[in-house]
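Asker: here is a sequence together with a model predicted from it:
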Amino acid sequence: MIDFLEKKEFFELKLKTDKQVNDLLYYTQQKLAELWKSRPIWSLPDGLSSIPSKISRGNNHSGYPFQVFDFPSSFFQTDIFTFRVIVWYGRHFSCNLIASGIFLRYVEDRLLALANKNTRLLLDDNPWSNSLLETHNLLIDKESITQATTFIKKNQSIRLFRLFSMNQINSIHRLTLECFNDWFSADLA
């Protein structure tokens with residue numbers, strides 16, 4: 001342990017990686033804001049913040065560092081709608097739609113439009129959990145709409161997501177914009 005703690009290289013590499021991921025996420029957020037402003041109409045609920053939020057980070061999400069942003073979003077008591085991008089070091093990164101309260105109906109109404117868009121529903125009562133993404137999910141397609149609708153009606157909050165491997169991290173901005181467009185384009189309404 002002492003040998004590890006005395007070596008600066010690990011900590012310097014972690015700092016360098018944190019900055020690179022942070023830069024990627026700020027660039028992605030900037031491009032997302034530009035995309036949102038580029039069209040007059042999106043299929044998004046009213047009242048979402050159009051101002052990008054800060055990038056949050058931590059060092060212990062189930063033992064691994066992470067960085068995350070929520071944009072666009074609305075957090076109001078039990079009514080939550082957020083497009084969340086998470087980079088979970090050593091695991092994966094993902095684009096997510098977390099919804100609760102009044103926003104659940106929005107998601108339910110869009111399920112058919114989301115079919116066959118490489119979108120998955122987390123089958124867990126806790127939409128903030130990342131540990132079950134890879135194993136407890138339902139691919140949204142025309143055959144699974146009834147099962148997805150039933151799950152949404154039984155739960156107070158849900159999470160839709162797209163999962164990506166870390167070897168795609170340099171394309172995070174493109175993948176995020178594609179996901180946002182696929183999920184919220186007014187053409188799908």
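Answerer: In hand now; what should we look at? Every value quoted in this text rests on a predicted model; they were computed, and no experiment measured them.
Asker: got the phi/psi numbers for the residue lying closest to Lys153 once chain neighbours are set aside?
Answerer: With sequence-adjacent residues excluded and distances taken as CB to CB, 6 or more residues apart in numbering, Lys153 is closest to Glu108, at 7.4 Å. C-beta here means a position set from N, CA and C on the backbone, and glycine is covered the same way. Here is the backbone geometry of Glu108 (degrees, to the nearest 10): phi -60, psi -40.
Asker: check contacts around Glu108.
Answerer: Residues near Glu108 by CB atoms under 8 Å, 6 or more residues apart in numbering: 149, 152-153.
Asker: quick one, which of the residues you listed are buried?
Answerer: Ile152 (16 or more other CB atoms under 10 Å).
Asker: narrow the contacts of Glu108 to those in strands?
Answerer: Assignment to strands by DSSP state E places none of the contacts of Glu108 there.
Asker: which one of the contacts of Glu108 is nearest to Ser50?
Answerer: Using CB to CB, Ile152 comes nearest to Ser50 of the contacts of Glu108, at 26.2 Å.
Asker: ok, now how distant is the closest one from Glu6?
Answerer: 52 Å (CB to CB, to the nearest Å).
Asker: report how many residues lie close to the residue nearest to Asp79 when sequence neighbours are not counted.
Answerer: Spatial nearest neighbour of Asp79, chain neighbours left out: Gly101 (3.4 Å); criterion: CB to CB, 6+ apart. Other residues lying near Gly101 total 15 when counted by other CB atoms under 10 Å.
Asker: which stretches of this structure form helices?
Answerer: Remark: helices assigned in the chain by DSSP state H are 2-6, 8-38, 104-114, 145-154, 172-184.
Asker: where are the low-confidence patches of the protein?
Answerer: Residue ranges of the chain with pLDDT under 70: 188-189.
Asker: nice, that's everything, thank you.
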